[in-house]
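Novice: coords please:
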Amino acid sequence: MNNIVRFGNSPKKRNPAHGKNSPAPIGGSFRRRRNHRNRSGRTWAWAIVALIAPGLYAADQYQFADRLMLAVTAPRTDTLRATFPYCTEGRRVTCVVDGDTFWLSGERIRIADIDTPELSPPRCEAERLKGEAAKRRLRELLNAGPFSLVAGWRDEDQHGRKLRTVTRDGRSIGDTMIDEGLARRWNGKRRSWCG
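Specialist: As a prediction, the model looks like this:
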């Protein structure tokens, strides 16, 4: 029993090399120090977490994750090109639904980094007017030249739409629509455009 020192109710082993009355550190016995490379790797990992964590806990955590992904994966050359009419009833292949949703080659795409006023149905006349303007502007931007689609941290939403950021020359066209007052940064929930 002379090799055990009690702290509270838990016995701790004493390391004989540190003298008779020297208790082991709280949390266990004495161990050899790990090599410098392991500590260095942990330091880098914590530094990265410290840089990213504030953005992840911000109110716009979805946007932070998608913008981080966009910065890493935006292509250097835009290769997609199509002519976009407005969508009508019936089969949809390549067309614009509203300010943040369109079809491309039979696939329905929701622009991941923005939210625009609803058109189906709008909640007020102001939302309808701004929604129509956003729809027109999205059609103009998509028809303006080649673009790219960048996947974010989620592949699709609950309605089965592919979530993509649309870029041209490495810049999100959603940012253009936000700058023009036709869209808001998507933060994970819809807000009213009325009043």
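
Novice: Arg108 is in contact with Lys162, isn't it?
Specialist: Yes: judged on Cβ atoms under 8 Å, Arg108 makes contact with Lys162 at a distance of 6.8 Å. Yep, even glycine has a C-beta here, placed from its N, CA and C like the rest.

Novice: Lys162 reaches Gly106, doesn't it?
Specialist: No: in this structure, Lys162 is not within contact of Gly106 by Cβ under 8 Å, at 11.3 Å.

Novice: neighbour-wise, which of these two wins?
Specialist: Per other Cβ atoms under 10 Å, whichever of Lys162 and Gly106 has more neighbours is Lys162, with 16 against 9.

Novice: Could you check the pLDDT of that one?
Specialist: We note a pLDDT of 96 for Lys162 in this prediction.

Novice: just Thr167 next, same as before
Specialist: If you check Thr167, the pLDDT there is 95.

Novice: Start the count at 47 instead of 1 going forward.
Specialist: Let's use 47 as the start, then, which means that last one is Thr213.

Novice: Surely it is within a helix?
Specialist: No: Thr213 is assigned strand when assessed by DSSP: H, G, I helix; E, B strand; the rest coil, not a helix.

Novice: wait, isn't it in contact with Gly191?
Specialist: No: with contact defined as Cβ under 8 Å, Thr213 does not reach Gly191; the gap is 11.8 Å.

Novice: Looking at those two now, which is surrounded by more residues?
Specialist: Here Thr213 and Gly191 are set side by side on neighbour count (other Cβ under 10 Å), and the busier one is Thr213, at 21 against 11.

Novice: Show me what that one bridges to in the sheet.
Specialist: In this structure, Thr213 has beta-bridge partners Ser194, Ser218, where bridges are defined by DSSP bridges.

Novice: Could you check how far it is from Arg127?
Specialist: The gap separating Thr213 from Arg127 is 14 Å, by Cβ to Cβ, to the nearest Å.

Novice: So Leu188: helix, strand or coil?
Specialist: Bear in mind the rule, three-state DSSP; under it Leu188 is helix.

Novice: can you tell me which residues contact the closest residue to it other than its chain neighbours?
Specialist: Nearest residue to Leu188 in three dimensions, chain neighbours excluded: Phe130, at 4.7 Å (Cβ to Cβ, 6 or more residues apart in numbering). By Cβ atoms under 8 Å, 6 or more residues apart in numbering, the contact list for Phe130 reads Thr140, Cys141, Val142, Phe148, Arg185, Leu188, Asn189.

Novice: Quickly list what's touching both of Thr213 and Arg127.
Specialist: With Cβ under 8 Å, 6+ apart applied, the overlap between the contact sets of Thr213 and Arg127 consists of Phe193.

Novice: elements contacting the helix or strand Ala172 falls within?
Specialist: Element membership of Ala172 [criterion: DSSP states H and E] is helix 171-189. Of the remaining helices and strands, those touching helix 171-189 by 3 or more Cβ pairs under 8 Å, 6 or more residues apart in numbering; DSSP states H and E are strand 141-144, strand 208-214, helix 219-225.

Novice: That'll do, ta.
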